[in-house]
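>>> How does the following fold in three dimensions:
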Amino acid sequence: MRGIYRLTSLAVGAVLVAGVLTACGDDGATIQADAQTGNRKIRIAAPFISTMNSAVLYAQGNGIFAKYNIETEFIEINGAGGLQATLGGSTDMAITSSVNPVAALEQGQEFPIVAQIGNGFPESVLVTADAWKQSGLTDASPLKDKMAFLAGKAWGVSSPQGSSSYMAKYMFQLAGLSDKDFKINSLGSATGTLAALKSKKVVAGSMGSPYPQVAEAEGYAKLFINVSGGEVPELTNTLTSVVAVTPQFYQNNKQLIADFKKALGEAQKLVYENSSVVDEWIYTNHFKGSPKEAVLAGVNDQREGGAIAKTPDVDPAAAERLVNFMKATGQPVPDDWRKIFVDITA
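Numbers count the residues shown, from 1 in each chain. The predicted structure follows:
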């Protein structure tokens, strides 16, 4: 995938698979303003560059955070590793799948959720160009027919514990099939899944926009189920991506978090109200070299499906749908899950 820019990378050894995440020496101290600039610097763990993160990326690159005396540094860390990084002191905040803080709470570790980034699943489903022809289906074919075609076929995802995997299992259930029909192939990243589609090692794959749209434009795959665009109503208005911090950081930096949310909210508003300008900037600064129309189609799908959050405050209904989704896919949810959602408990 040419032209897709990466964040600064940081290796994190421990991830949330089993056992409680453990702190490695960070006390969540108050972040002090720089004596010369007056800025407060926040290090943010984030997964790979995605159009789902348009608002936060635009806020960083266009002075919106700076207006609130905030300097941001994004560090690429996938999965629950972002939460581990906040505990270890490598980062101050984590943009992470919303299931991760809930799963951590089940294990006894709290990560207050201070803002929402995604309000719908960022991933959509691709199939190889050959599989699309063989299916005999159309874009308008019902979900049950599309899922029946995918039953038992090799399906690439980044991680067996990732949202793509649980999303696939849930869609099999919605189609009246067994989630055992999901033939998972864990490939480590969106790049790995795309490579497997291109080489036809898998028939299907799921990943966030604009990767599906770019793969389709390059001719080796077809967007099969446009989840991020709202094709599956049961997966819309579901909290999927959040900003989480440690309890210590939350207690010691409430004004900084409030200012961060104000800046994020301004950028989220622009994503919807000044979309052409924001989209052009996102493409030029993060995806230049990839097919432009495909990238813009990807972010537009996420916007039309409501996948990109419109405000930083967590929608209680979206949080409830997250919990229902987790329970439906066999993920443990503690009874006191609301305690980590500061917008709900405030």
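>>> any low-confidence regions in the stretch 201-346 of the chain?
Within the stretch 201-346 of the chain, the stretches with pLDDT under 70 are 346.
>>> Repeat the analysis, applying 80 as the threshold.
345-346 (pLDDT under 80).
>>> Who does residue 221 form a beta bridge with?
Beta-bridge partners recorded for residue 221 (DSSP bridges): residue 128.
>>> Quickly note the distance from it to residue 162.
From residue 221 over to residue 162 the distance is 19 Å, taken as C-beta to C-beta, to the nearest Å. Bear in mind the C-beta positions are built from the backbone N, C-alpha and C, glycine included.
>>> For the longest helix seen in the chain, which helices and strands make contact with it?
As assigned by DSSP state H, the longest helix anywhere in the chain is helix 254-273. Helix 254-273 sits against strand 40-46, helix 54-61, helix 64-67, strand 70-76, strand 113-120, helix 275-282, with contacts defined as 3 or more C-beta pairs under 8 Å, 6 or more residues apart in numbering; DSSP states H and E.
>>> Residue 221 and residue 162: which is more packed in?
With neighbours defined as other C-beta atoms under 10 Å, residue 221 and residue 162 compare such that residue 221 has more, 26 against 21.
>>> Leaving aside the residues adjacent along the chain, what's closest to residue 52?
Spatial nearest neighbour of residue 52, chain neighbours left out: residue 122 (4.2 Å); criterion: C-beta to C-beta, 6 or more residues apart in numbering.
>>> okay, now the one you found: neighbour count?
For residue 122, using other C-beta under 10 Å, the count is 29.
>>> Mind putting the helices and strands packed on helix 254-273 into a markdown table with mean neighbour count?
A markdown table is the format used below for those (neighbours: other C-beta atoms under 10 Å):
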| stretch | mean neighbour count |
| --- | --- |
| strand 40-46 | 22 |
| helix 54-61 | 23 |
| helix 64-67 | 18 |
| strand 70-76 | 18 |
| strand 113-120 | 26 |
| helix 275-282 | 17 |
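>>> closest to residue 84 out of the ones you listed?
For residue 84, the closest of the helices and strands packed on helix 254-273 is strand 40-46, at 8.7 Å, according to C-beta to C-beta.
>>> which strands and helices sit next to the closest one?
Secondary-structure packing of strand 40-46 (3+ C-beta pairs under 8 Å, 6+ apart): strand 70-76, helix 81-88, strand 93-97, helix 254-273.
>>> Name the strands paired with it and say parallel or antiparallel.
Counting by DSSP bridges, strand 40-46 is paired with strand 70-76 (parallel), strand 93-97 (parallel).
>>> and the next helix or strand after the shortest one with strand 93-97, angle?
It refers to strand 93-97. Using DSSP states H and E, the next helix or strand after strand 93-97 towards the C-terminus is helix 99-106. Put simply, helix 99-106 runs at 100 degrees to strand 93-97, going by axes from the mean of the first three to the mean of the last three C-alpha atoms, to 10 degrees.
>>> Touching helix 99-106 from outside, list them.
Applying C-beta atoms under 8 Å, 6 or more residues apart in numbering, the contact partners of helix 99-106 are 16, 20-21, 79-80, 82-83, 110-111, 113, 163, 166, 242, 244, 322-323, 326, 331-334, 336-337, 339-340.
>>> That one to helix 81-88, inter-axis angle?
50 degrees.
>>> Domain parsing of the protein, as residue ranges.
8-121+238-345, 123-227 (automatic domain parsing).
>>> that older thread, put together a markdown table for the helices and strands packed on strand 40-46, with distance to residue 233 on each row.
Shown next, in a markdown table, are the helices and strands packed on strand 40-46 (distance: least, C-beta to C-beta, whole Å):
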| stretch | distance to residue 233 |
| --- | --- |
| strand 70-76 | 32 |
| helix 81-88 | 29 |
| strand 93-97 | 21 |
| helix 254-273 | 20 |
